[in-house]
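A.B. asks: just need the structure, nothing else, for what follows:
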Amino acid sequence: MDLVSSPFLSGDKVVVLEGRHFQDFAAGDSGIVIRADAESQTCQVHFKHRPGESFNVAWRHLNKCVAQVVDAGHRPGWPAEDDVKVEPAAVLPMAVADMGDALGTASSAYFWESKLANLDADHAGNHWSLQTADDFQIETRGQDDLALAVEGCAKATASSSLLALREAKGASSRIRELEEKMSKHSREHWLGMDCLQEKVNSLAVSQKEVNAEFKGSLHKELSSVNMQVQSLYEQCEAIKDMVANLQLEMKRKASHEQLEDLEHQQCKAMETLLRRWDHCAENRRQRVESEVGQALDEVQRADSKSHPSEAVMLQVEDLSAANRELASKLGRLQANFEQMSRSLPHVSHLSQEQRMKQVQNQGLEEPAAQWHQRYQGLSTKVDSLQRQVETLRSGFQSAQERADKEQAILDGLRLRADAAAEGLASEVRLREEGVLRVETRLENVAREMDLAMGTLRGSLEKQLHAMLATAQSAAERKQRDWQLECQKRQDVESALREQQCEMAEMRSKLLRKEQALLEAAGFTERSGGPCGPSPYGPNASSGPLEPVVAQPRGADVHSPLSRRLAAPVACGPVSSPLSKNFA
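C.D. replies: Next comes the predicted model:
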C-alpha cells in the first residue's frame, strides 16, 4: 500500500468524525490504525476506550490527527526533473505495511532488527547525499558559513537519528523480552492446561474404575444376600414341612386317644357283660339247685312210704309232670349252654326209654319195682344234673380265667397306650422345642440380616458419599484451578492487549520519527563529491540514475538481512527544512 492509494497508514492516530455514533465507538473517540485495506476502504483500529479490542471502521468515518507527508515538487535553484530524470522516491519501501502487519500479529524481534537495519541504511544513504550536496554547494557558491551550518544541522540530525535508533533498539529489546515472556507464559499456560486435562482424564478413568468396582462389589453382595435369603426361604419351607408333620402326628395322637377311649369302652362293656353273665349263671345255678333240692325232697318223701296210694300216684304224676317241666327247663338250659346241649339228648333218650319201659312193664311189674326204677332214673338224672352243674362251674371258671386274661391283656394294652401317649407327648414337646428353637434362630437370622443390611447400606452410603464428596471436591478444585487459569489467561490477554496498544503507540512514534528523519535527510544529489565526479553533474549522461545502495554498519553481506537491506533505495526530491534553508 502506498501513500497515494490509501489515506491511512498503519500506526496513524485517527479520530472519529462528528455526527458518527455507533455501538462500539462514537464521535470524538481516538485510536491507532493497525491495518488498512484499500479494496474495502476500511481500517482496523484500536480505540483507547476499548483496550484489547480492534474494530473495522470505514475511511469516511475517520480523520487523521497528524497530516501526512506530501511531495514538494520542484525547488528553485534545482535543475528540472526532465534534465535529471530521477525516478519517484520511495520514502520507506516495504516498511509501513509490513510494520502494521507485524504489530497487528505481535511479530518477533527479527522483524524489528530488519526494520532498524533498513532505517540505518536509509540514514547512511541520506547522510552521504547530504555530504555530497554540501560539497557541491560549497564548490559552486563558496559559502563556507552555510556549509558549516548545514554540516552542524546534519550532525544534529544524525545525533537525533542515532537517539531515535537507540530508542527503537531499546523498544525492540523490550518487545523481544515481552514476546519471550508471553511465549514462556503461553507455554506454561498450555503445559498447565495439558496437565489439567491429563488430571481430569485420569480422574474420569479412576472414577469409571471406582464405579465399575463399586457396581461389581454391589452385585456380589446382592447375590450373596439373595443366596442367604434363598437359604432362609428353604429353611422356612423345611420348618413348615416339620410343622405339618407335627400337626399330622398330633392328629394321629388324637386318633390313638380315641382308640384308647374305644378300648376303655370295650373293656367296660366286656366287664358289664361278664358281670351280667356271672349274675345270670348264678341265678340259673340257684334255680337248678332249688329244683334239684325240691326233686330230692320229693324222692326222699317217696322213699319214706312203702306202699303208694292214689295220693302217692297223684304225687308221682305230679312228679312226672315236674320232671317234664324239669326236662323242658333242662332243654332251655341246653339251648343256653353247650355242655347242657350235649347232655340233654342223652337224658331225653333215657327218659323215653324209661317211659317205654314203664309202658311195657306197667301191667307186669309191681309198683315197688316201678318206684325203684323211677328212683334210679331220678338218681341218674340228679347225677347228670350235678355233673352238668360241675361242668357249668368249670365253664364259669374257664370264663373267669379268660376274663382275667383279657383283663390282663387290656391292662397291658392300657399300659402300652399310656407309654405311647407319654412318648408322643415327649416327642411333641421335643418337636415344639425344636420349632421354638428354629423360630428363635429364624428371628436371630432375620435380625442379623437386618443389621447386616443396615450396616452394608450404611457402609455403601458412606462409601458413595465419600466418593461423591471426593469427586465433588476434586471437581470444585479443578473448577477453581480452571477459574484461576482463566483469570491468569485473562490477565495475560489484558497485559498482551496493553502491550499491543503500547507497541502500536511506539510504532506510531517510530513512524513519526522516521518521517521526520526522512524529511530532514531527503536531499537529492546533483553533482559529484570531492572524491570524484558526481553522477548528477553537467557531464553526466542523460540516462536514468543508478540507485544508491547503502550497507548497514557491521552487517554481513551474505546474510538474509543484508540481502534484504541491499534493496535499491532511490533518492528523490523531498521537502525538508534543510532544503528550504539551502534554497
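A.B. asks: this protein: helices as residue ranges?
C.D. replies: Under the criterion DSSP state H, the chain contains helices at 81-84, 96-104, 109-141, 144-304, 310-336, 338-360, 367-520, 560-565, 577-582.
A.B. asks: what's the burial count for Gln499?
C.D. replies: Neighbours of Gln499 under the rule other Cβ atoms under 10 Å: 19. Bear in mind the C-beta positions are built from the backbone N, C-alpha and C, glycine included.
A.B. asks: scratch that, Ser224
C.D. replies: As a burial measure, Ser224 scores 11 neighbours (other Cβ under 10 Å).
A.B. asks: ok, it to Gln235 distance?
C.D. replies: 16 Å (Cβ to Cβ, to the nearest Å).
A.B. asks: also Ala204?
C.D. replies: 46 Å.
A.B. asks: got it, and Glu151?
C.D. replies: 122 Å.
A.B. asks: do Arg507 as well
C.D. replies: As judged by Cβ to Cβ, Arg507 and Gln235 stand 93 Å apart.
A.B. asks: before we move on, what about Ala281?
C.D. replies: Taking Cβ to Cβ, one finds Ala281 at 67 Å from Gln235.
A.B. asks: who has more neighbours, the two?
C.D. replies: Between Ala281 and Gln235, counted using other Cβ under 10 Å, the more crowded position is Ala281 (17 against 14).
A.B. asks: could you chop this structure up by domain?
C.D. replies: Domain assignment for the chain, taken from automatic domain parsing, gives 1-68, 71-203+480-582, 232-432.
A.B. asks: worst average pLDDT in these?
C.D. replies: Ranked on mean pLDDT, the bottom entry among the domains of the chain is domain 71-203+480-582, at a mean of 60.
A.B. asks: next up, the contacts around Arg431.
C.D. replies: 242, 246, 249 (Cβ atoms under 8 Å, 6 or more residues apart in numbering).
A.B. asks: number of nearby residues for the second one?
C.D. replies: What that stands for is Leu246. For Leu246, the neighbour count with other Cβ under 10 Å is 16.
A.B. asks: how about Lys220?
C.D. replies: Using other Cβ under 10 Å, Lys220 is surrounded by 10 other residues.
A.B. asks: that one and Leu456: what is the separation?
C.D. replies: 12 Å.
A.B. asks: cool, Ala469 as well?
C.D. replies: From Ala469 to Leu456 the distance is 20 Å (Cβ to Cβ).
A.B. asks: neighbour count winner among those two?
C.D. replies: Leu456 (16 against 10).
A.B. asks: please name the nearest non-neighbouring residue to the more buried one.
C.D. replies: Once flanking residues are discounted, Leu456 sits nearest to Glu221: 6.3 Å by Cβ to Cβ, 6 or more residues apart in numbering.
A.B. asks: the one you found contacts Arg457, doesn't it?
C.D. replies: No: Glu221 lies out of contact with Arg457 (Cβ atoms under 8 Å); the separation is 10.3 Å.
A.B. asks: between the two, who's got more neighbours?
C.D. replies: Taking neighbours as other Cβ under 10 Å, Glu221 and Arg457 compare with Glu221 leading, 15 against 10.
A.B. asks: could you measure from the more buried one over to Leu460?
C.D. replies: Remark: distance between Glu221 and Leu460 (Cβ to Cβ) = 8 Å.
A.B. asks: go on, Glu476?
C.D. replies: Separation of Glu476 from Leu460 (Cβ to Cβ): 24 Å.
A.B. asks: the more surrounded of those two?
C.D. replies: Comparing Glu476 with Leu460 by other Cβ under 10 Å, the one with more neighbours is Leu460, at 14 against 10.
A.B. asks: was I right to think that one contacts Val225?
C.D. replies: No: between Leu460 and Val225 there is no contact under Cβ under 8 Å: 11.8 Å.
A.B. asks: what's around the closest residue to Ala520 other than its chain neighbours, how many residues?
C.D. replies: Of all residues not flanking Ala520 in the chain, Thr157 sits nearest, at 4.6 Å (Cβ to Cβ, 6+ apart). Neighbour count for Thr157, taken as other Cβ under 10 Å: 22.
A.B. asks: wait, isn't Thr157 in contact with Leu518?
C.D. replies: No: Thr157 is beyond contact range of Leu518, at 10.9 Å (criterion: Cβ under 8 Å).
A.B. asks: ok and the longest strand anywhere in the chain relative to helix 367-520, angle-wise?
C.D. replies: Counting residues, the longest strand found in the chain (DSSP state E) is strand 30-37. With axes from the mean of the first three to the mean of the last three Cα atoms, to 10 degrees applied, the angle from strand 30-37 to helix 367-520 works out at 90 degrees.
A.B. asks: burial of Glu493, as a residue count?
C.D. replies: 11.
A.B. asks: how about it, what does it touch?
C.D. replies: Applying Cβ under 8 Å, 6+ apart, the residues near Glu493 are Gly52.
A.B. asks: swap in 6 Å and give it another go.
C.D. replies: For Glu493, no residue meets the contact criterion (Cβ atoms under 6 Å, 6 or more residues apart in numbering).
A.B. asks: just the one 3 residues further on next, same as before
C.D. replies: With contacts defined as Cβ under 6 Å, 6+ apart, Leu496 has no neighbours.
A.B. asks: next, count neighbours for the residue nearest to Ala446 when sequence neighbours are not counted.
C.D. replies: Ranked by Cβ to Cβ, 6+ apart and with sequence neighbours excluded, the top spatial neighbour of Ala446 is Leu232, at 7.6 Å. By the criterion of other Cβ under 10 Å, Leu232 has 14 neighbours.
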